[in-house]
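Chemist: Provided below for reference: sequence and predicted model.
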Amino acid sequence: DTGVSQDPRHKITKRGQNVTFRCDPISEHNRLYWYRQTLGQGPEFLTYFQNEAQLEKSRLLSDRFSAERPKGSFSTLEIQRTEQGDSAMYLCASSLVSGQDTIYFGEGSWLTVV
Amino acid sequence: AQRVTQPEKLLSVFKGAPVELKCNYSYSGSPELFWYVQYSRQRLQLLLRHISRESIKGFTADLNKGETSFHLKKPFAQEEDSAMYYCALVSSVNYGGSQGNLIFGKGTKLSVKP
């Protein structure tokens, strides 16, 4: 499968701990997106990268969240001092250049904060 | 504010019956609209986009700017159509910094009974 891959698929952590998710986009895709999805809701945009540059961050992305894409390939999303409200599915997606190109989603990383 | 509304959380039909999944949007400009589908235990994937005016798996959707709607239709539902369907809008203006990123509705679960 050469689609977008995410790791880990599931993570259970205690409140206050830090967690990190990794996303490997489809190769040659310049854009990489992070979304969050909670139960009963559609995906909500968090941030996106054009190559290694983080071009935009949603207001949903508090100071405890940080995302990187150091070499313009894979990306990491770190959540520091997790809270129960952070429990959600974190989706990564990639596309060639812009919203004009089809965005391909990964299977997501489930986070449960206990 | 840019928004996508899917008024039905669940739509249940019998096999062979027509299906219409409703989507309304709020957007100041020319929107680009999509339908995404998520089958059980699979990743979110693009079903169709309005600019291509194509029919995928028998589904069609017409953009009605007067009614600000983009309803998804299929004349004869099949059991394999059972899935979660999300309507989404691409923000093509720099609104809140979300240029080129998808704004999703909350989704409608379609259940096709035999």
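Modeler: That came in fine, so what should we check first?

Chemist: give me the number of residues near the residue of chain A found nearest chain B?
Modeler: Nearest residue of chain A to chain B (C-beta to the nearest C-beta) works out as A:G42 at 3.1 Å. Bear in mind the C-beta positions are built from the backbone N, C-alpha and C, glycine included. Neighbour count for A:G42, taken as other C-beta atoms under 10 Å in any protein chain shown: 21.

Chemist: Which helix or which strand is home to it?
Modeler: Assigned by DSSP states H and E, A:G42 belongs to neither a helix nor a strand.

Chemist: Grab the nearest non-local neighbour of it.
Modeler: Counting by C-beta to C-beta, 6 or more residues apart in numbering or on different chains, A:G42 lies nearest to B:F104, which is 3.1 Å off, once chain neighbours are set aside.

Chemist: repeat for B:P18
Modeler: Once flanking residues are discounted, B:P18 sits nearest to B:P75: 5.4 Å by C-beta to C-beta, 6+ apart.

Chemist: A:Q17 touches A:E83, doesn't it?
Modeler: No: taking contacts as C-beta atoms under 8 Å, A:Q17 lies outside contact range of A:E83: 10.5 Å.

Chemist: What segments of chain A are strands?
Modeler: In chain A, the segments counted as strands under DSSP state E are A:5-7, A:10-13, A:19-24, A:31-37, A:44-50, A:53-57, A:65-68, A:75-79, A:88-95, A:104-105, A:109-113.

Chemist: quick one, what contacts B:K106?
Modeler: Residues counted as contacts of B:K106 (C-beta atoms under 8 Å, 6 or more residues apart in numbering or on different chains) are A:40-42, B:6, B:9.

Chemist: mind redoing it with 10 Å?
Modeler: A:40-42, B:4-9, B:86-87 (C-beta atoms under 10 Å, 6 or more residues apart in numbering or on different chains).

Chemist: again, but for B:Q45
Modeler: By C-beta under 10 Å, 6+ apart, B:Q45 lies in contact with A:3, A:102-105, B:36-39, B:83.

Chemist: List only buried entries from those residues.
Modeler: Using 16 or more other C-beta atoms under 10 Å in any protein chain shown as the burial test, those include A:103-105, B:36-38, B:83 as buried.

Chemist: Let me know the closest of the residues you listed to B:V13.
Modeler: B:A83 (12.8 Å; C-beta to C-beta).

Chemist: Just give the closest residue to that closest one, not the sequence neighbours.
Modeler: Distances taken as C-beta to C-beta, 6+ apart place B:Y39 nearest to B:A83, at 4.6 Å, with adjacent residues excluded.

Chemist: the bottom helix or strand of chain A by mean pLDDT?
Modeler: Of all helical and strand segments in chain A, the minimum by mean pLDDT, DSSP states H and E falls on strand A:53-57, at a mean of 87.
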